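In: model the following, please.
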Amino acid sequence: MQDIWIELTTTTFLEIPLSRWMLTAVALFITVVGQRLVLSAFRVLAQRLALKTTTKLDDVLLNAAERPVSLLVLVIGILVAVHLLSPPAEIFPLVELANNVGRVVSIVIGSWFVWRLVDGLSAYFTERAKETASSLDDQLVPFIGKTMKIFLVLTAVLMVAQNMGYSISGLLASLGIGGIAVAMAAKDTIANVFGSIMILVDRPFTVGDWIKASEFEGVVEEVGFRSTKIRTFEKTLVNVPNSSLANMVIDNIDARHVRRIKMRIGLTYSTTPKQMDQAIKGIETILKNHPGVDQEYMLVKFDEFADSSLSIFLYYFSASKVWEEYLQVRQEVNMQIMELLESMELEFAFPSRTVYLHQEGPVA
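Out: Got it, this is the predicted structure:
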């Protein structure tokens, strides 16, 4: 056995002893097996923790670490194999190259792990935010997640650059010098970012609200860094820059708890005062007895002698702000008013004109 090992150490291939080639192959084999074992261990550990703990944060951490750790085991195994092989540096500086690449790849793997962790935490806290009464956290969680990802990418790029031999201090200094030019070029983008922060802090609306401005009307779908996405009722998507949106007059339709109904009913001029009084009292009774009508405030008044009608003014609110339920209340009230006026033998007026012809006597 010793003779065989001596033979392997003295026999070379590409000026590398066969013993090193053998150790390198064994290291790569152990790396592949170890990678599979690490994956299996993570899955078993995740199942056990899921049964023992009530929180999902440990599941988020394990899911985020599973694939990056598996890849890191492979990188470490390859580095060990390269060091075991250790070819002559004057022929092929593989060890130095592997060390440099390994450091860069390790930074990328670490950044990938943090990225996956931020994704998992964002999804977890988004679900938790839906359980709270406040809508601020519903918008704040995605905003913080995006900010952390941007910071992560910038940090990873700087670390990779430093490991590749670039001067970070010089790079930061050049960024400081060019910062003014960049700020001038990206002033609109910066204004939009600050606009998004103001929207999140002031909360003039939240995702899902129906809002109305002079240039658009629709439902808020997303508040991003640069713009806010609004789905119009024609199903088109409007992207409004946050800097502009922060300075607009916004009418938040969904901020109300009831919906107004304002209308007029015109009766013919053949209606008597007694009938008019009965009609008004009958309409008031309909509104007071309807479960879908808000009872806090309502008006039913004979307010105008119009050109072709005696006008009754109705002003009340539906108890629900949901559009379909609001329309249902309005329809039911209108039908009951029609039945009331029909039972009183009153007629709705419509625009009409009466022409009187005066006929003079025969000319003598």
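In: which residues are in contact with the longest strand along the chain?
Out: Looking across the chain with DSSP state E, the single longest strand is strand 293-305. For strand 293-305, the external contacting residues (CB atoms under 8 Å, 6 or more residues apart in numbering) are 258, 276, 280, 283-284, 287-288, 310-319, 329, 333. The C-beta positions use only the backbone N, C-alpha and C, and glycine is treated the same way.
In: so which of those residues are in helices?
Out: When DSSP state H defines the helices, the subset of the contacts of strand 293-305 inside them is 276, 280, 283-284, 287-288, 329, 333.
In: that older thread, go through the longest strand of the chain and flag the buried ones.
Out: Of the residues in strand 293-305, those with enough neighbours to count as buried (16 or more other CB atoms under 10 Å) are 293-294, 298, 300, 302.
In: need the three-state assignment for Tyr124.
Out: The three-state assignment at Tyr124 reads helix, by DSSP: H, G, I helix; E, B strand; the rest coil.
In: ok, the ones in helices among the contacts of strand 293-305 vs Met248, which is closest?
Out: Val329 (31.4 Å; CB to CB).
In: so how many other residues sit close to the residue nearest to that closest one when sequence neighbours are not counted?
Out: With CB to CB, 6 or more residues apart in numbering as the criterion, Val329 has its nearest non-adjacent residue at 3.7 Å, and that residue is Gly292. One way to gauge burial is a neighbour count; for Gly292, by other CB atoms under 10 Å, it gives 15.
In: confirm that Gly266 sits in a helix.
Out: No: note on Gly266: no helix contains this position according to three-state DSSP, which reports strand.
In: weed out the non-buried ones from the contacts of strand 293-305.
Out: Neighbour counting over the contacts of strand 293-305 (16+ other CB under 10 Å) leaves 258, 280, 283-284, 287, 310-312, 314, 316-319, 329, 333 as the buried ones.
In: what segments of the chain are helices?
Out: With helices called from DSSP H, the chain shows them at 2-10, 18-52, 57-85, 94-130, 136-163, 168-185, 187-202, 242-246, 273-289, 323-343.
In: out of these, nearest to Glu221?
Out: With CB to CB as the measure, helix 136-163 is the member of the helices of the chain nearest Glu221 (11.7 Å).
In: what helices or strands is the closest one leaning on?
Out: Packing partners of helix 136-163 (3 or more CB pairs under 8 Å, 6 or more residues apart in numbering; DSSP states H and E): helix 94-130, helix 168-185, helix 187-202.
In: and the angle from the longest one to helix 136-163?
Out: Put simply, helix 94-130 runs at 170 degrees to helix 136-163, going by axes from the mean of the first three to the mean of the last three CA atoms, to 10 degrees.
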